[in-house]
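Asker: Sequence plus the predicted model coming up.
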Amino acid sequence: MQAATESAYDVRDKIVALKRQLAPRRTELRRAYEEVRVHIGRLAETVARDAAAGRTVIPEIEYQDIAEGRASDLVRAAVRRTGCAIVRGVFPMAQAAEWFDEVGRYIDDNGYEARETGKRSLDKYFSALKAGRPQIFNLYWSKPQVRARQDEKLARVRSFLDRLWTNWQGVFDPD
């Protein structure tokens, strides 16, 4: 019990020290925060306008374009700008359908929904979803999920996406 108390004081002391370190820069930090807030607000307005006009908000890329090195600079810039992408055609539709069916059988065979319903009160974020059936499944280690993550095609997609940024250099090899 004493270790937990000491640890709490350590954290509190660190917070106080950080606040003291930041205090002289209060004006600069407020200005930076305001710049970021305004920038994010403009981006949100742009996304809302694009969505209302039926324009694509999330860039889409065909897997074949990634595999054959044909992803355009325009698409690459869009992914960097949004920080996300939809990559289509990574797996054949029949393979994806088979994996979805397998996950569905796993959920049914193991009474997964009933068990997850009982755990909802433990989850402070996803438990607030209004859906009648759980939308988020903790199936990360299911066979289809593992197969997909280990597939060479998905590795190629991850490498392509990782290479759109340069802050990884010297830290890890995207390949």
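Answerer: All right, it came through fine.
Asker: For residue 99, which non-adjacent residue is spatially closest?
Answerer: The shortest distance from residue 99 to any non-neighbouring residue, by Cβ to Cβ, 6 or more residues apart in numbering, is to residue 144 (3.5 Å). (Each C-beta comes from the backbone N, C-alpha and C, glycine too.)
Asker: Please, which helix or strand holds the one you found?
Answerer: helix 143-150 (DSSP states H and E).
Asker: avg pLDDT for that helix?
Answerer: For helix 143-150, the mean pLDDT works out to 92.
Asker: Contacts for that helix, please.
Answerer: Helix 143-150 is contacted from outside by 91, 98, 99, 100, 102, 103, 139, 154, using Cβ atoms under 8 Å, 6 or more residues apart in numbering.
Asker: Repeat that for stretch 91-106.
Answerer: Under the criterion Cβ under 8 Å, 6+ apart, residues 112, 137, 139, 142, 143, 144, 145, 147, 148, 151, 153 lie in contact with stretch 91-106.
Asker: Would you check how far apart the first one and residue 148 are?
Answerer: Taking Cβ to Cβ, to the nearest Å as the measure, residue 112 falls 19 Å from residue 148.
Asker: any idea how far residue 65 lies from residue 77?
Answerer: Going from residue 65 to residue 77 by Cβ to Cβ gives 15 Å.
Asker: Neighbour count: the two, which is higher?
Answerer: The neighbour comparison of residue 65 against residue 77 (other Cβ atoms under 10 Å) goes to residue 65, with 16 against 12.
Asker: buried sites along the strand or helix carrying residue 97?
Answerer: Per DSSP H and E: residue 97 is located in helix 93-109. Buried residues in helix 93-109, defined by neighbour count with 16 or more other Cβ atoms under 10 Å: 99, 103, 107.
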